[in-house]
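Engineer: Structure for this input, please:
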Amino acid sequence: MIIGSGLIANSLKNIDSEDMLYFASGVSNSLETRDSEFEREFSLLKQCIEEYDGKKLVYFSTLSIYDQSKQDSHYVLHKQELENYIKNNVEAYLILRVGNIVGNGGNPNTLFNFLKNQISSNNTFVLHKKARRLLIDIDDIAKFLAHNCTEIHNQTINLAFPYYYDLKEIIDAVEKQINKNAAYNEVDEGDFYKVSFDENIDRFFSEITPPEYINALAKKYI
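Structural biologist: Numbering: from 1, shown residues only. Okay, here's the model as predicted:
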């Protein structure tokens, strides 16, 4: 059973199962501040847990929980609250804290979509030299679940390709695919947060290198 209709929900269609409850609905905008939006997701989650009692719940959270600059944001506090509720009220679950998703469609303001649009349009943008990003191909979410979901019980997993890309590495890959040079001004700013990846993630991505992964993303989605 898949709950939701967005990018993640659509990516799960090939692994849909009567034994699983994939909760991929709710607040997707990390800048959201309206209480009503967060309450809607929480109410739907509670309803689904009750209605589909006995199914294993897969909940999609965010790596932004580790970002110290976002500890007081409505979005992060909301995700933490739902994670805690699941841990205390669901018998069988898997919580995935997901990195920066790269895929077709979705939020046009995500990093990959932003860079693609800026470079294609010959716009000048600001590059934060110290920033790093953890990326994940939307298709890898379903692939990871297909291989690991039944084996991982009541855990919280950090899900992203386990490499911290600096923005120039990402821009280089986009430039090559578009065959255009980016126009940007560098500033000595930006930050990133360290997260730990367990052996399931290391094993899942063991056969691909960081340059191969970012170039594959650019070729696939640009």
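Engineer: Export only the CA atoms of stretch 194-203, formatted as PDB.
Structural biologist: Listed in PDB are the C-alpha atoms of stretch 194-203, where the atom choice follows Å, rounded to 0.1, in the frame of the first residue of the first chain:
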ATOM      1  CA  LYS A 194      28.100  14.900   8.800                       C
ATOM      2  CA  VAL A 195      25.900  11.800   9.100                       C
ATOM      3  CA  SER A 196      26.700   8.200   9.500                       C
ATOM      4  CA  PHE A 197      25.900   5.500   7.000                       C
ATOM      5  CA  ASP A 198      25.400   1.900   8.100                       C
ATOM      6  CA  GLU A 199      26.700  -1.200   6.300                       C
ATOM      7  CA  ASN A 200      23.500  -1.600   4.300                       C
ATOM      8  CA  ILE A 201      24.100   1.700   2.500                       C
ATOM      9  CA  ASP A 202      27.800   1.000   2.000                       C
ATOM     10  CA  ARG A 203      27.000  -2.300   0.500                       C
END
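Engineer: got the contact list for it?
Structural biologist: Around stretch 194-203, the neighbours that count as contacts under Cβ atoms under 8 Å, 6 or more residues apart in numbering are L63, Y66, R97, L134, F144, N148, I152, I157, N158, L159, A160, P162. (Glycine included, C-beta is placed from N, CA and C.)
Engineer: Can you read off the pLDDT for the third one?
Structural biologist: So that's R97. Among the per-residue scores, R97 holds a pLDDT of 96.
Engineer: What's the separation between it and L12?
Structural biologist: Noted for R97: a distance of 17 Å to L12, by Cβ to Cβ, to the nearest Å.
Engineer: what do you get for the last one?
Structural biologist: Distance from P162 to L12, counting by Cβ to Cβ: 22 Å.
Engineer: again with I170
Structural biologist: Distance from I170 to L12, by Cβ to Cβ: 26 Å.
Engineer: now do Y22
Structural biologist: When Cβ to Cβ is applied, the distance between Y22 and L12 equals 5 Å.
Engineer: Which one of those two is surrounded by more residues?
Structural biologist: Neighbours per residue, other Cβ atoms under 10 Å: of Y22 and L12, the larger number sits with Y22, 28 against 21.
Engineer: Now for the more buried one: which residues touch it?
Structural biologist: Neighbouring residues of Y22 by Cβ under 8 Å, 6+ apart: M1, I2, I3, G4, A9, L12, D16, V58.
Engineer: Select, from the contacts of stretch 194-203, the two members most distant in space.
Structural biologist: Checked with Cβ to Cβ, these reach their widest spread between Y66 and N148, with 21.2 Å between them.
Engineer: Would you agree A131 is in contact with K168?
Structural biologist: No - here A131 does not reach K168: they are 10.0 Å apart, not a contact under Cβ atoms under 8 Å.
Engineer: Counting neighbours, go ahead and name the busier of the two.
Structural biologist: A131 (18 against 15).
Engineer: re the thing from before, just send the contacts of stretch 194-203 back as JSON lines, with neighbour count too.
Structural biologist: As requested, those are arranged in JSON lines below (neighbours: other Cβ atoms under 10 Å):
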{"residue": "L63", "neighbour count": "19"}
{"residue": "Y66", "neighbour count": "17"}
{"residue": "R97", "neighbour count": "20"}
{"residue": "L134", "neighbour count": "22"}
{"residue": "F144", "neighbour count": "19"}
{"residue": "N148", "neighbour count": "16"}
{"residue": "I152", "neighbour count": "18"}
{"residue": "I157", "neighbour count": "17"}
{"residue": "N158", "neighbour count": "20"}
{"residue": "L159", "neighbour count": "25"}
{"residue": "A160", "neighbour count": "24"}
{"residue": "P162", "neighbour count": "19"}
